[in-house]
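Asker: Whatever this is, show me its structure:
(chains A and B)
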Amino acid sequence: QQKVQQSPESLTVSEGAMASLNCTFSDGTSNNFRWYRQHSAKGLEVLVSIFSDGEKEEGRFTAHLNRANLHVSLHIREPQPSDSAVYLCAVSRGDSNYQLIWGSGTKLIIKP
Amino acid sequence: GGIITQTPKFLIGQEGQKLTLKCQQNFNHDTMYWYRQDSGKGLRLIYYSITENDLQKGDLSEGYDASREKKSSFSLTVTSAQKNEMAVFLCASSLRLGGNNYAEQFFGPGTRLTVL
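Answerer: Residues are numbered from 1 along each chain as shown, chains lettered A, B, ... in the order given. Alright, predicted model coming up:
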């Protein structure tokens, strides 16, 4: 069964420096991968969804997928203090695209 | 655009009590989901409903029942609340999967459950 792990658990980055978050998964048959952000006050919002190896950019957020290495990453360019939140990786189950398996999150703090 | 409404926002129950959480969406989405999130953990799927008359179990369905009353609403029942249980229950909705096998899930604000 698909297992998803995120690292690091917590990350502090200075404003304007690149922030990089990692997600590894166990089942390479999944075909969609998503990064969400969870603000305590605003709930969950999707940032980037990626379906094939390579990179996908959505504004300041770029996801990199390497299915052979069972790895998907998220890079945040020029982060602001308002980007401080918990970032969650979600991977579809190999046998059901309706079912997402979630990592436990990376808590990102952006220092002014 | 649309919105997902979950009621109540906060739910306090007693051990052994049956508790019902409600979710409404106005996206006109076919598919709806219930997730549980424990503190510091990722989301776990409890039930989902692909269309109005469908109900599918997720990995965490034991101890829960769900009901899709109509296209726009999906309820979750905790059949017997466990003492000291604390979690947030999140409802989501999406379009039905198409040829690309992908549909974005949109989330409600959550119901925070505390069992005394």
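
Asker: Against residue B:60, how distant is the residue of chain B at minimum distance from chain A?
Answerer: Residue nearest to chain A within chain B (Cβ to the nearest Cβ): residue B:42, separated by 3.3 Å. (C-beta placed from N, C-alpha, C; glycine too.) Remark: distance between residue B:42 and residue B:60 (Cβ to Cβ, to the nearest Å) = 12 Å.

Asker: Name all residues that make contact with the residue of chain B closest to chain A.
Answerer: Neighbouring residues of residue B:42 by Cβ atoms under 8 Å, 6 or more residues apart in numbering or on different chains: A:4, A:88, A:90, A:101, A:102, A:103, A:104, A:105.

Asker: Out of those residues, which are close to chain B?
Answerer: Taking Cβ under 8 Å from any Cβ of the partner chain, the overlap between those and the neighbourhood of chain B is A:4, A:88, A:90, A:101, A:102, A:103, A:104, A:105.

Asker: so what's the second one up against?
Answerer: Neighbour list for residue A:88: A:6, A:35, A:36, A:37, A:38, A:44, A:102, A:103, A:105, B:42, B:43 [criterion: Cβ under 8 Å, 6+ apart].

Asker: now that we have the residues you listed, which one has the most neighbours?
Answerer: Within the contacts of residue A:88, most neighbours by other Cβ atoms under 10 Å in any protein chain shown means residue B:43, with 28 neighbours.

Asker: Tell me what residue 74 is bridged to.
Answerer: Went with chain A since none was named. Beta bridges link residue A:74 to residue A:21, residue A:63, judged by DSSP bridges.

Asker: ah, no, chain B please
Answerer: Listed by DSSP bridges, the beta-bridge partners for residue B:74 are residue B:23.

Asker: Can you report how many residues lie near it?
Answerer: 28.

Asker: got a list of contacts for stretch A:27-41?
Answerer: A:1-3, A:21, A:23, A:25, A:44-51, A:61, A:63, A:65, A:67-68, A:70, A:72, A:74, A:83, A:85-95, A:97, A:100, A:105, B:101-102.

Asker: for stretch B:41-52, how far is the first residue from the last?
Answerer: Chord length of stretch B:41-52, first to last residue, is 30 Å (Cα to Cα, to the nearest Å).

Asker: residues contacting residue 51?
Answerer: Since no chain was named, I'll use chain A. A:31, A:32, A:33, B:100, B:102.

Asker: Actually, chain B is the one I wanted.
Answerer: B:30, B:31, B:96.

Asker: No further queries at this time; thank you.
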